[in-house]
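Enquirer: coords below, sequence missing:
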């Protein structure tokens, strides 16, 4: 999975402080996971960050993702579990139900 882009290289509205703050948490989490050479945590960090980047057109979904990230604070282990949950409950079911050949 491709690394999260720097905040300046995204389409995030800088006036949405909550969203920017959550994305910065994901960037910090990604750096932490990379430094620890933890591939699972790295994927989880990137999933969370890409959820922010790709839900901007769905404000209610974006609020939920941002709130979930903020609920973890800076606890990277808890953020990793959150990212894993998004994979298990949202991404993986879509891959197997929408695309059975995967």
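Expert: Okay, I see it. Bear in mind that the values here come from a model prediction, so they are computed numbers and not experimental data.
Enquirer: give me the low-pLDDT residue ranges for this structure?
Expert: For the chain, the stretches flagged by pLDDT under 70 are 95-102.
Enquirer: please enumerate the helices of the chain.
Expert: Using DSSP state H, the helices of the chain run over 17-35, 39-54, 59-71, 76-86, 92-98.
Enquirer: now those helices in TSV, with mean neighbour count?
Expert: Any C-beta I mention is one placed from the backbone N, CA and C, and that applies to glycine too. Converted to TSV, the helices of the chain look like this (neighbours: other CB atoms under 10 Å):
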stretch	mean neighbour count
helix 17-35	18
helix 39-54	20
helix 59-71	15
helix 76-86	18
helix 92-98	10
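Enquirer: just put those helices in TSV and tack on distance to residue 7.
Expert: TSV is the format used below for the helices of the chain (distance: least, CB to CB, whole Å):
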stretch	distance to residue 7
helix 17-35	6
helix 39-54	10
helix 59-71	14
helix 76-86	17
helix 92-98	27
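Enquirer: among those helices, which comes closest to residue 6?
Expert: helix 17-35 (7.5 Å; CB to CB).
Enquirer: who's in contact with that closest one?
Expert: Helix 17-35 is touched from outside by 3-4, 6-7, 10, 12-14, 41-42, 44-46, 48-49, 52-53, 56, 62, 65-66, 69-70, 72, 74, 76, 79-80, with contacts defined as CB atoms under 8 Å, 6 or more residues apart in numbering.
Enquirer: then stretch 62-77?
Expert: Outside of stretch 62-77, the residues that reach it under the criterion CB under 8 Å, 6+ apart are 18-19, 21-22, 25-26, 28-29, 32-33, 41, 48, 51-52, 55-56, 78-79, 82.
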